[in-house]
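In: 3D model of this:
(chains A and B)
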Amino acid sequence: DAGVTQSPTHLIKTRGQQVTLRCSPISGHKSVSWYQQVLGQGPQFIFQYYEKEERGRGNFPDRFSARQFPNYSSELNVNALLLGDSALYLCASSLLTAGFTEAFFGQGTRLTVV
Amino acid sequence: KNEVEQSPQNLTAQEGEFITINCSYSVGISALHWLQQHPGGGIVSLFMLSSGKKKHGRLIATINIQEKHSSLHITASHPRDSAVYICAVRSAGAQKLVFGQGTRLTINP
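Out: Take a look at the predicted model:
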């Protein structure tokens, strides 16, 4: 069974552009969370989706948005890219939205904004 | 002060040494995770704990709920253990994981 898959693995964009990152969770997992990891720091929570509804949002500007599809895959969109958006974007899937539930991570998408 | 603090931030040791990485947190939790991140970026889950102690091969994780503290131990360390080890907690009833800054471990042959 495939783990969490993310695409693309690497991406270079110019300031002001828009980007879409994709995530497919483990089969049977309905919860998908997105995290941003800036170099040298721990990941920071961006969004959680469960059953196609937003269940949590971190402290990120409205330029960041996401959605979840009927097959539970998810997209993260970032508009009007800034240099500071350069980071590793991680997707995690889990069975539950909260509590004692294990999170499984994808390999991440490394976004570079120039 | 961050909700999750790890120490040390960097650790270099010789092959075979016993390694301890510490994690302290400030909130009530439903679960604490120990994760491993290699240079490529992908994160692998090592342990999920809510109490007591877990062991997998040469890795041992312990948690003290009263003291809000967890430790990750590596016995007979090996150069392939070199990675960043991250502690993350999920607060009771919360959706998100809150991560520590990670401990960069280097094991020299």
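In: ok, the spatially most distant residue from the centre of chain B - contacts?
Out: Most distant residue from the mean C-alpha position of chain B: B:Pro109, 22.3 Å away (Cα atoms, centre = their mean). Under the criterion of Cβ atoms under 8 Å, 6 or more residues apart in numbering or on different chains, the neighbours of B:Pro109 are B:15, B:79. Where C-beta positions appear, they are placed from N, C-alpha and C, glycine not excepted.
In: can you give me the strands for the chain?
Out: I went with chain A, as the question did not name one. A:5-7, A:10-13, A:19-24, A:31-37, A:44-50, A:53-57, A:64-68, A:74-78, A:87-94, A:104-105, A:109-113 (DSSP state E).
In: ah, no, chain B please
Out: Under DSSP E, chain B gives strands at B:4-7, B:10-14, B:19-25, B:29-37, B:43-49, B:52-56, B:59-64, B:69-74, B:83-91, B:97-99, B:103-108.
In: dump those strands into a markdown table; add mean pLDDT as well.
Out: Formatted as a markdown table, those follow (pLDDT from 0 to 100):
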| stretch | mean pLDDT |
| --- | --- |
| strand B:4-7 | 96 |
| strand B:10-14 | 97 |
| strand B:19-25 | 97 |
| strand B:29-37 | 93 |
| strand B:43-49 | 93 |
| strand B:52-56 | 95 |
| strand B:59-64 | 97 |
| strand B:69-74 | 98 |
| strand B:83-91 | 94 |
| strand B:97-99 | 92 |
| strand B:103-108 | 97 |
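In: so can I have JSON lines of the ones you listed showing distance to chain A and mean neighbour count?
Out: Output for the strands of chain B, formatted as JSON lines (distance: least, Cβ to the nearest Cβ, whole Å; neighbours: other Cβ atoms under 10 Å in any protein chain shown):
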{"stretch": "strand B:4-7", "distance to chain A": "8", "mean neighbour count": "18"}
{"stretch": "strand B:10-14", "distance to chain A": "11", "mean neighbour count": "13"}
{"stretch": "strand B:19-25", "distance to chain A": "11", "mean neighbour count": "19"}
{"stretch": "strand B:29-37", "distance to chain A": "5", "mean neighbour count": "22"}
{"stretch": "strand B:43-49", "distance to chain A": "4", "mean neighbour count": "19"}
{"stretch": "strand B:52-56", "distance to chain A": "12", "mean neighbour count": "12"}
{"stretch": "strand B:59-64", "distance to chain A": "12", "mean neighbour count": "18"}
{"stretch": "strand B:69-74", "distance to chain A": "15", "mean neighbour count": "19"}
{"stretch": "strand B:83-91", "distance to chain A": "6", "mean neighbour count": "23"}
{"stretch": "strand B:97-99", "distance to chain A": "3", "mean neighbour count": "24"}
{"stretch": "strand B:103-108", "distance to chain A": "9", "mean neighbour count": "17"}
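In: brilliant, that's me finished.
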